[in-house]
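Trainee: quick one: sequence plus predicted model below, questions after.
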Amino acid sequence: MAPVTVAGDCRSGTASATTSLALSLAINPGAFNSLVSSQMVVAQPLWIDGATALGASATSSASLTNLLETAGPARAGYIEMQFDANNSEGLGSYNGTAGIAMTPGLNGENLSVLCNGPGCGPRGGDPFPLIIPFQLGSRFQLNYSGNLTADGDGNEGEGVYRLGLNYQFRLLESDRVTPVLVSETPEPATWGLLLGGLILSLGLRRARGKA
C-alpha cells in the first residue's frame, strides 16, 4: 500500500483533511471483494470585523496499490463489478476526483472507474452491475487514486468536499457462474519468511532422524 497524505494550508483560516482506505478480500469465492474509500477536505475562512476574510485551502491525496492473483493456468474468464459513490457532497469552492483501475484486464486492457462527485461510471459510462471479460490465472494490480481540494474565501465562504467510494468485484470462470477466489500476492519478504520456515522445518526433521 502506498502512503496516504493529507495537507492543509491555513493562511490564517482553518483547514482539515481526512482519508481512509480499506481493501477486503472475501474468503468465500462467491462473495464480492471490496475496496472502500472515504476522503474529506474542509476549508474555512476567518472573518475579521465581518468585512475581511483570511482564506484557507485543504487538500487530500491518497493512493493504494495491491498485487492480486487467481490460481490455476492462464485462461479467459469474467469480472463482475458493482460500484457506488457514497456520502458524496460538495459546498463552496471544491474540486477533485477518485478512481479505481485494474491492470491488466483481458488482452492488456485496463479497467477503470472514475468518480467526480456523485457521477461515477466505468469505461465511459457503462451501467452497473457490469460483467466483462477478464484474464484469470495471472497476477493483476488493483489501484486506487484520489485527490481532493477545497478552498475557503470571502467570496464563496466555506469549502467542503466529501467523496466516498465503495467498489466491489468478483471473478468468474468462462461459464459466468463458477466463482474464482482472489488472493493477495505475497511480497518478496513474505516469500523469504515462508522459505526460511520450510528450510528450518526440514533441518529439524533431519536432525531428529539422525538422533
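Mentor: Arrived safely, thanks for sending.
Trainee: okay, CA-based contacts and neighbour counts for the rest of this
Mentor: Noted.
Trainee: these two touch, right, G164 and V41?
Mentor: No. Taking contacts as CA atoms under 8 Å, G164 lies outside contact range of V41: 11.9 Å.
Trainee: between the two, who's got more neighbours?
Mentor: V41 (27 against 24; other CA atoms under 10 Å).
Trainee: partners of that one in the sheet?
Mentor: A17, Y161 (DSSP bridges).
Trainee: with F140 instead?
Mentor: Bridge pairing for F140 - DSSP bridges - gives L68.
Trainee: that one: how many residues sit nearby?
Mentor: Using other CA under 10 Å: F140 sits among 19 other residues.
Trainee: do you know how far it is from I132?
Mentor: As judged by CA to CA, to the nearest Å, F140 and I132 stand 16 Å apart.
Trainee: and the helices in this protein, which stretches?
Mentor: For the chain, the helices defined by DSSP state H occupy 188-210.
Trainee: what bits of this protein have low per-residue confidence?
Mentor: 1-13, 50-53, 85-87, 105-110, 115-129, 187-211 (pLDDT under 70).
Trainee: mind redoing it with 90?
Mentor: 1-22, 36-67, 71, 81-135, 138-139, 141-167, 184-211 (pLDDT under 90).
Trainee: in it, spot the strand with the most residues.
Mentor: strand 75-91 (DSSP state E).
Trainee: please identify the buried residues of that strand?
Mentor: For strand 75-91, the buried set under the neighbour-count rule, 16 or more other CA atoms under 10 Å, comprises 77-86, 88, 90-91.
Trainee: for the residue nearest to L163 when sequence neighbours are not counted, give its distance to A43.
Mentor: Among residues not flanking L163 along the chain, S88 sits closest, at 4.4 Å (CA to CA, 6 or more residues apart in numbering). Computed as CA to CA, the S88 to A43 distance reads 17 Å.
Trainee: give me the phi and psi for P29.
Mentor: phi -60, psi -20 (degrees, to the nearest 10).
Trainee: ok, the residue nearest to it when sequence neighbours are not counted - contacts?
Mentor: Closest residue in space to P29, ignoring its immediate chain neighbours: L181 at 4.4 Å, by CA to CA, 6+ apart. Residues counted as contacts of L181 (CA atoms under 8 Å, 6 or more residues apart in numbering) are 26-30, 70-71, 171.
Trainee: S20 too?
Mentor: With CA under 8 Å, 6+ apart, S20 has these contacts: 37-39.
Trainee: kindly report the same for F140.
Mentor: 67-69, 102-105.
Trainee: how about 7 Å then?
Mentor: 67-69, 102-104 (CA atoms under 7 Å, 6 or more residues apart in numbering).
Trainee: out of these, who's nearest A17?
Mentor: M102 (26.8 Å; CA to CA).
Trainee: return the distance of the closest one relative to L165.
Mentor: 15 Å.
Trainee: next: Y78.
Mentor: Taken as CA to CA, the span from Y78 to L165 is 22 Å.
Trainee: M40 is in contact with A17, isn't it?
Mentor: Yes. Counting by CA atoms under 7 Å, M40 touches A17, with 5.6 Å between them.
Trainee: that older thread, reformat the contacts of L181 as CSV; add neighbour count and distance to A62.
Mentor: Shown next, in CSV, are the contacts of L181 (neighbours: other CA atoms under 10 Å; distance: CA to CA, whole Å):
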residue, neighbour count, distance to A62
A26, 16, 23
I27, 12, 26
N28, 12, 29
P29, 17, 28
G30, 15, 29
T70, 19, 26
A71, 13, 30
L171, 29, 26
